[in-house]
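Undergrad: Please find the sequence and the predicted model below.
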Amino acid sequence: MTELSKVGIVVVARMNSSRLPGKSMADILGIPSLEHLLIRLERCRSVSKIIVATTQDDSDDQIQETAKKRGHLCFRGDADDVLGRVCGAVKMADLDIVVHVTGDCPMVDHELVDEIIAFRESTGADYAILDPDYFPSGFDIEVFKAESLFDVEKKYSDPWIREHVTEPLYTRPDDYYAEKMLPKGEIPYPPVKLSIDTPQELEVAQEVFAGIYHENNDFSIDDVFAFLERTPELKKKATVFTKKKYRAGVVGLGRVGFLDSQLKKKTFSVNTHVAAYLRHGSTKLHAVSESTSHLLEKFSDQLQIEIITPDAAGMFEQGNLDIVSIATPPENQAALVELAVESGVKAIWCEKPFTLNPEEAKAVCELCEEQGVILAVNHWMRYSSVFREMRDFILSDGLGQIEAVRIHYCKGAGNSGSHAVDLSRFFFGEVVSVVAASCTPLDTGDANIDGVLFMENGIRVHLTTSDYRNNFFFDVDVVGTGGRIKIENNNVSQFRFENGCSVEISPSFSTEIGEPFLAAVDELVNCLHGFLEQPSCTGEDGWRNTAVVAALRKACTADNYFQKVLY
């Protein structure tokens, strides 16, 4: 049996959260959420140490202060390397057995911690977890051998794995022995979410504590569910539609399909289709297909899933998939959508640019509509918090009457130019005609097209371009009668017009870019649940964007450089 002094809990916490900034210090009955968690964990009988692992960012000083206040160790490490932080905490405390808990779970039951420690000991597993198909989110506990975690740290440099810490321990059965612990009676708890990731989830946690804490500050998981049964409206607020995980597949393991997950510096922490399905709580990555052998090998070296194949048709036949991403070049997308629809897939998420031409795009949309298949296109700005907030601000006349709009892109009309077209439509409605001012071929086979989009509401969007090989960037500049907003490489500036002068002010809306890939998957899941009628960027949006780009290209060849858009 492992010595008590060698068993400890590592709590991972930080202040910088895209969906709920500052959640570790969120107030619950006058006590920070993280402190509630630490108080509950201090009651564990099977551990000798608690270590809080956080980052070196100044914003996390208060996390260190909270750990110190409770008499616990605190390890601070690289903000982009969660695995490194956990390993650093384990080494600091000289642990052999590690209990891993995240700081957004203030209701974790200390009795379950003791039980899973004993469970892992009895099985001899390298890794054990409370079975997520039986236990609700908010009571998540993992326990594993320190030597197994150090082995993962040594083997894997992939940023995705270093962010998710334990992923190889339960996805590589040839390397590590993993077990799942079921609840007593092997009956699943109701499907609720009691971790804190959003303002609504924080409200649920606050109401649970308010209803239980004063009578029983050492409440258990069963006490929580007894309370929820007595408060059906709160239970409904906390309930997720289903614990079913939708089976997902990805065709295409290039940059946006898989490769960009491994970038050290990323615009969003989840920036590929593979990473989005792995991260989302309601999806399971079940199958991938890639015709390029070295990409397939690179994937299989990093991740173990059920189906890894070079044959997309074979993937569809074997996979029994609910959702599929098609992250391939546009010339392949229409045929792959047809295969996916024939296989019975319920939702399809295509990369931009969407197909080669408007006629093909329209046919794909009609096929999906006929078969009742949800079709989305990954113009990520529609799923990004900052662009949604900016749109709402503009539509509420926050800038007054819009006088001028400019969008600058760099990598071809069909590539980043399609984002410019989609963002124009997202903000201002449909395009009725276009003018092309110049056309500059690129080495990609595409061309940068400068021009003007004439919107149905009378607004004109000016498109300007430069060569991505010199500098890749995407800028938006919107000028109204009352002010101006500029987004330069996702940095937001706002100006108010006063007495003929432009005065910079703090943005009137949240500038958090959010996690658009996760938001897109969340919308697809909610469409499958029946909670949402359609995703923010539909197949029809992809088709209309393709039509606008085609009109720009046609205008480049016309004598008057003018072209009406016929959808």
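TA: Alright, I've got the coordinates.
Undergrad: So residue 349: helix, strand or coil?
TA: With DSSP: H, G, I helix; E, B strand; the rest coil as the basis, residue 349 sits in strand.
Undergrad: quick one: it from residue 412, how far?
TA: Residue 349 sits 22 Å away from residue 412, going by C-beta to C-beta, to the nearest Å. The C-beta positions use only the backbone N, C-alpha and C, and glycine is treated the same way.
Undergrad: just residue 511 next, same as before
TA: Distance from residue 511 to residue 412, by C-beta to C-beta: 28 Å.
Undergrad: likewise residue 88?
TA: Distance, residue 88 to residue 412, by C-beta to C-beta: 44 Å.
Undergrad: same thing with residue 492?
TA: Per C-beta to C-beta, residue 492 is found 25 Å from residue 412.
Undergrad: now do residue 449
TA: In this view, residue 449 and residue 412 are 9 Å apart by C-beta to C-beta.
Undergrad: quick one: low-confidence ranges for this protein?
TA: Scanning the chain with the threshold set as pLDDT under 70 gives 1, 18-19, 160, 241-244, 559-561, 566-567.
Undergrad: what's the longest helix in it?
TA: In the chain, assigned by DSSP state H, the helix with the most residues is helix 539-557.
Undergrad: Tell me the buried residues in it?
TA: For helix 539-557, the buried set under the neighbour-count rule, 16 or more other C-beta atoms under 10 Å, comprises 539-556.
Undergrad: Quickly run through the sheet partners of the helix or strand following that helix, with directions.
TA: Downstream of helix 539-557, the first helix or strand assigned by DSSP states H and E is strand 562-564. According to DSSP bridges, strand 562-564 forms sheet pairs with strand 431-441 (antiparallel).
Undergrad: Centre of the chain to the partner strand, how far?
TA: Relative to the centre of its chain, strand 431-441 is centred 34 Å away, using C-alpha atoms, centre = their mean, to the nearest Å.
Undergrad: Next, the angle from it to helix 539-557.
TA: Put simply, strand 431-441 runs at 60 degrees to helix 539-557, going by axes from the mean of the first three to the mean of the last three C-alpha atoms, to 10 degrees.
Undergrad: same for the helix or strand just after strand 431-441, what does it pack against?
TA: For strand 431-441, the succeeding helix or strand toward the C-terminus, using DSSP H and E, is strand 447-455. Applying 3 or more C-beta pairs under 8 Å, 6 or more residues apart in numbering; DSSP states H and E, one finds that strand 447-455 contacts helix 417-428, strand 431-441, strand 460-465, helix 539-557.
Undergrad: Now do strand 447-455: everything it contacts.
TA: Residues outside strand 447-455 that contact it (C-beta atoms under 8 Å, 6 or more residues apart in numbering): 409-413, 417, 421, 424, 428-442, 460-467, 548, 552-553, 555-556, 561.
Undergrad: Put the buried members of those into a PyMOL selection.
TA: Per 16+ other C-beta under 10 Å, the buried members of the contacts of strand 447-455 correspond to this PyMOL selection:
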select buried, resi 409+410+411+412+413+417+421+424+428+431+433+434+435+436+439+442+460+461+462+463+464+465+466+548+552+553+555+556+561
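Undergrad: could you say what helices and strands the helix or strand that contains residue 117 packs with?
TA: Assigned by DSSP H and E, residue 117 belongs to helix 110-123. Here helix 110-123 touches helix 33-41, strand 97-102, strand 127-130, strand 142-145, strand 178-181, going by 3+ C-beta pairs under 8 Å, 6+ apart.
Undergrad: what distance separates the longest one from the middle of the whole chain?
TA: Averaged C-alpha coordinates place helix 33-41 at 27 Å from its chain's average position (C-alpha atoms, centre = their mean).
Undergrad: Give the partner strands of the next helix or strand after it in its sheet and their orientations.
TA: Using DSSP H and E, the next helix or strand after helix 33-41 towards the C-terminus is strand 49-55. Applying DSSP bridges, strand 49-55 is found paired with strand 7-12 (parallel), strand 73-77 (parallel).
Undergrad: got CSV for these, with mean neighbour count too?
TA: Formatted as CSV, those follow (neighbours: other C-beta atoms under 10 Å):
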stretch, mean neighbour count
strand 7-12, 26
strand 73-77, 19
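Undergrad: Is it possible to get these out as JSON lines so that each row also shows distance to residue 381?
TA: JSON lines is the format used below for the strands paired with strand 49-55 (distance: least, C-beta to C-beta, whole Å):
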{"stretch": "strand 7-12", "distance to residue 381": "30"}
{"stretch": "strand 73-77", "distance to residue 381": "32"}
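Undergrad: Residue 328 is nearest to which of the ones you listed?
TA: Closest to residue 328 of those, according to C-beta to C-beta: strand 7-12, at 35.8 Å.
Undergrad: Identify the residues contacting that closest one?
TA: 34, 37-38, 41, 44, 46-54, 82, 85-86, 89-90, 93, 95-103, 113, 117, 165.
Undergrad: go again using 7 Å as the cut-off
TA: The contact list for strand 7-12 (C-beta atoms under 7 Å, 6 or more residues apart in numbering) reads 37, 41, 44, 46-53, 82, 85-86, 89-90, 93, 95, 97-103, 117.
Undergrad: Filter the residues you listed down to the buried ones and hand me the ChimeraX line.
TA: A single ChimeraX command is used to select the members of these judged buried by 16+ other C-beta under 10 Å:
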select :37,41,44,46,47,49,50,51,52,53,82,85,86,89,90,93,95,97,98,99,100,101,102,103,117
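Undergrad: Among the helices and strands packed on helix 110-123, which comes closest to residue 338?
TA: With C-beta to C-beta as the criterion, residue 338 lies closest to strand 178-181 of the helices and strands packed on helix 110-123, at 38.5 Å.
Undergrad: measure the closest residue to residue 563 other than its chain neighbours to residue 460 for me?
TA: Nearest residue to residue 563, sequence neighbours excluded (C-beta to C-beta, 6 or more residues apart in numbering): residue 555, at 3.9 Å. The gap separating residue 555 from residue 460 is 15 Å, by C-beta to C-beta.
Undergrad: what does residue 268 give?
TA: For residue 268, the distance to residue 460 equals 31 Å [C-beta to C-beta].
Undergrad: and if you look at residue 351?
TA: Distance of residue 351 to residue 460, given as C-beta to C-beta: 29 Å.
Undergrad: again with residue 84
TA: From residue 84 to residue 460 the distance is 50 Å (C-beta to C-beta).
Undergrad: Verify the contact between residue 508 and residue 396 for me.
TA: No: counting by C-beta atoms under 7 Å, no contact exists between residue 508 and residue 396, whose distance comes to 9.7 Å.
Undergrad: In terms of neighbours, single out the busier of these two.
TA: residue 508 (16 against 10; other C-beta atoms under 10 Å).
Undergrad: Please confirm that the more buried one is located within a strand.
TA: No: counting by three-state DSSP, residue 508 is located in no strand; its state is coil.
Undergrad: quick revisit: residue 216: which of the helices and strands packed on helix 110-123 is closest?
TA: In terms of C-beta to C-beta, the element of the helices and strands packed on helix 110-123 nearest to residue 216 is helix 33-41, at 12.0 Å.
Undergrad: got the contact list for that closest one?
TA: 9, 11, 13, 23-26, 28, 50, 63, 66, 70, 72, 101, 103, 105-106, 108, 110, 113, 196.
Undergrad: Swap in 6 Å and give it another go.
TA: Residues outside helix 33-41 that contact it (C-beta atoms under 6 Å, 6 or more residues apart in numbering): 9, 13, 24, 26, 28, 50, 66, 70, 103, 106, 110.
Undergrad: which parts of that helix are buried?
TA: Neighbour-count burial for helix 33-41 [16+ other C-beta under 10 Å]: 33, 34, 35, 36, 37, 38, 40, 41.
Undergrad: and what of stretch 169-186?
TA: For stretch 169-186, burial by neighbour count (16+ other C-beta under 10 Å) applies to 169, 170, 171, 176, 178, 179, 180, 181, 183.
Undergrad: list the contacts for the first one?
TA: Read it as residue 169. 127, 144, 148, 176, 178.
Undergrad: Residue 131 versus the residue lying closest to residue 322 once chain neighbours are set aside, what's the distance?
TA: Distances taken as C-beta to C-beta, 6+ apart place residue 246 nearest to residue 322, at 4.0 Å, with adjacent residues excluded. The gap separating residue 246 from residue 131 is 18 Å, by C-beta to C-beta.
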